[in-house]
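Asks: can't give you the sequence, but here's the structure:
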């Protein structure tokens, strides 16, 4: 009988006093179409937000949006936050995406998701037991961006409906907030609803959308609107005073007004003054204590079923609710019917005959009415029921968070398993919460160390200081497996290093190496970690001693094991830093790479592989460095490591391009790297790298003001990190000071850098050209000292042997020497740089030589050098240097000529022939005769080859073999 009296649900009723919101909705939907009234238009997406307290009609507006979108043939994806589901990571994201992917089998899913499958599958709930490397949160967010963008394109136009966004899980909120601005560029409308006072910070872009659309704050209904709702139920005879009183008791809240009106109709009231007392009783029973009193009137069985439903939250399984309530299936069905008739529960939209609460306010009221002991018992039963139903550990774990600690081994196992799922979903904070709860349970004594290790891994990306605390506690446990202990120590040293405690990281590794005397492989691994963190310390007391120990150890290793290759890689880096002959550094680097150096090894950082790649750059083989970076970054991307790893990879790739002279490309790459570093928590080292490289690139392009603005923004030069950063921040800052004509400040800074480097026996000007900057800074007030520093830099560069470093040092010496004596130095600088891949430095040397020749009256020779320098500067994107070349030409009475050659990285036929003959061992004379050009022409051809291929003569054969042929 009760079901026969049910009125149509509120969604089917016309929305009153929402014309403004409906006009905005229609306008947004119209913008998604590719034509308007038959006229083609570019589809345009956007964001529509409806806000207001509970019961203001937000859900009704989204239901209207659903109906109107479907009526126009649009794809609708929807999700809803739940007050009791906020612990389920990516719960709302899964609601959005899973239905769109539900018809695909695994093969089709892998085809659709492509390389993103392994990164986002766990977050989307597509795999039951994730394995392999855990992606970082940035990688998962990037993957979700790609998935949603692909869906928006494939199923366009798309409307996303997000209800109760304030209750969405943190991971979904964060991603949705970052993705929302992209809707403008797609045929995608995001319509969201939330309570503004409960919207957390991670979802703040919905409060002030970047699309420029302000949220629509829903107002209470007027007395006229409430009267219309009441009369639609009880008839037009309802008195004005009665309707006015209905408005008063509901405060114009649409949900309460509609629910009250339905109950008035069910009681067949006529809306007269005599009905007012009963009306007030009915109004009180809609929410709050009156609702609970009404619920208890249905009997104990129905109350327990309602309580169980509230514990389960959204999308309620009648079978699960019956099990939690400890009632039979027949009693559960009867209870569900009573609650449907009372408009407490209703049938859900999805498949499977699920139930849901008519309104979240009802669910909240019922849940909070459950006594503490009963509620905890029901959550415990829910955890067991959910696991038994095969819904997975994460679904069960959220109930265990509401249960008192009882020392249950089963609870600990479930929480740990769920935490592993969350780590593989890119949700480390959710994993941390579960593992922290598991630690409180507590675990069995023999499992405590492993649990602390898992907790430390979960906190590493979000709170490395906590990682240190957990690992120190774990390492104090007895009986730890040696391999597990080694993993703990490695993670501890990483966390210490990432929290600017390099000295402690080095000490921990050294202590563990001594402790592991009985485990040679582990001992070698700890020694490698000790050498890594010692090398990156700025306060190391005995760098020379460490270098000697490292050299002795490396010379005994064959490189068969990974630990050995890491030692060899470190030896290559140290040899380069100390300015040992470049061939020695390259030999160690090649030996380290023989057998492989992974950038994503679970218990290895990527500091050594990165350093090995950079050895090639400093040794004038940047092409090889770029190949290693491309391979390493692809490895990181395939594992979903797109946070600080990608930021550093992009940044150092930019540094290689900078040193090759591709300044515009370098600027674009380093800006991308800095943007990633700014967004990724804990990417401070990558940020320091990026800022320094970007400042250098801007200075090379002649943009001094932009460089200063960047330095000031990040307080670059004011704060010096405790880790070794390259390029050295103080040297870069001094370079900026010199560009601003502040030589005394630059000299003081560079003198301090020199003293520090000398104390560490790091003497390679290819890595840190502090002497070149100091020579320039002293050139006016202390020219003799300037020449001395430049001469010493030339000697050190020759000891190292990289022609680009020698050429730069000779150029600096020429600039501070002046007069006739400088001309030979300038010529030597150009000669060396022509044999290097350093295009920008060559252009600088050419312009400098040309200017010196012009000052000495040799205008014909000056013109040739200045024209070549101008052409090189333009090709490099060095606007400031190009402007200087034009000024020098003008001052010498010469007119700049048009560029003679288009800039391309492809070898011409003549360049390739010259390179091939040179690789075969032929002299310049033989090559010249073959090509019918002069020997000077051969040198120019080879100079172009070196710059295009990114190598010097020693790496030419390999670079040439890797270079595709051209028909030119």
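Replies: Thanks, I have it. Because the structure is predicted, anything quoted here is derived from the model rather than measured.

Asks: drop to CA atoms for contacts and neighbour counts, all remaining ones
Replies: Noted.

Asks: Just the pLDDT at residue 962, thanks.
Replies: We have a pLDDT of 85 for residue 962.

Asks: do residue 12 as well
Replies: Looking at residue 12, its pLDDT stands at 53.

Asks: Tell me the strands beside the helix or strand of the chain with the lowest mean pLDDT, with direction?
Replies: Least confident element among the helices and strands of the chain, by mean pLDDT, DSSP states H and E: strand 35-36 (a mean of 71). Strand 35-36 has these partner strands in its sheet, going by DSSP bridges: strand 39-40 (antiparallel).

Asks: starting at the chain centroid, how far to the strand it pairs with?
Replies: 39 Å (C-alpha atoms, centre = their mean, to the nearest Å).

Asks: now stretch 724-735
Replies: 25 Å.

Asks: Can you list the neighbours in contact with it?
Replies: Residues outside stretch 724-735 that contact it (C-alpha atoms under 8 Å, 6 or more residues apart in numbering) are 535-538, 685, 688-689, 692-693, 695-696, 716-717, 720, 745-747, 749-750, 753, 767-770, 773.

Asks: Where does pLDDT dip in the stretch 101-250 of the chain?
Replies: Applying pLDDT under 70 to the stretch 101-250 of the chain flags residues 205, 207-213.

Asks: Helices along the stretch 1-150 of the chain, start to end?
Replies: 19-32, 58-71, 91-101, 106-113, 117-120, 137-154 (DSSP state H, counting those that start in this stretch).

Asks: For residue 83, find the nearest of those.
Replies: Counting by C-alpha to C-alpha, residue 83 lies closest to helix 91-101 out of the helices of the stretch 1-150 of the chain; the figure is 11.9 Å.

Asks: and the closest one with helix 137-154, angle?
Replies: Interaxial angle of helix 91-101 relative to helix 137-154 (axes from the mean of the first three to the mean of the last three C-alpha atoms, to 10 degrees): 40 degrees.

Asks: which helices and strands does the helix or strand containing residue 177 pack with?
Replies: Per DSSP states H and E, residue 177 falls inside helix 170-179. When contacts are defined as 3 or more C-alpha pairs under 8 Å, 6 or more residues apart in numbering; DSSP states H and E, helix 170-179 sits against helix 91-101, helix 137-154.

Asks: hmm, who's touching the least confident helix or strand of the chain?
Replies: Here strand 35-36 has contacts from 30, 41, 42, 43, using C-alpha under 8 Å, 6+ apart.

Asks: From what I see, the third one and residue 184 are in contact.
Replies: No. In this structure residue 42 lies outside contact range of residue 184 using C-alpha atoms under 8 Å: 11.4 Å.

Asks: which of the two has more neighbours?
Replies: Taking neighbours as other C-alpha atoms under 10 Å, residue 42 and residue 184 compare with residue 184 leading, 17 against 13.

Asks: From residue 24, how far out is that one?
Replies: To residue 24, residue 184 is 15 Å away according to C-alpha to C-alpha, to the nearest Å.

Asks: try residue 833
Replies: For residue 833, the distance to residue 24 equals 64 Å [C-alpha to C-alpha].

Asks: Who has more neighbours out of the two?
Replies: Neighbour comparison, residue 833 and residue 24: the larger count goes to residue 833, with 32 against 13 (by other C-alpha under 10 Å).

Asks: Confirm that that one sits in a helix.
Replies: Yes. Judged by DSSP: H, G, I helix; E, B strand; the rest coil, residue 833 forms part of a helix.

Asks: for it, what are its contacts?
Replies: By C-alpha under 8 Å, 6+ apart, the contact set of residue 833 is 803, 804, 807, 808, 839, 841, 842, 845.

Asks: In a markdown table: those, plus secondary structure.
Replies: Converted to a markdown table, the contacts of residue 833 look like this (three-state DSSP):
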| residue | secondary structure |
| --- | --- |
| 803 | helix |
| 804 | helix |
| 807 | helix |
| 808 | helix |
| 839 | helix |
| 841 | helix |
| 842 | helix |
| 845 | helix |
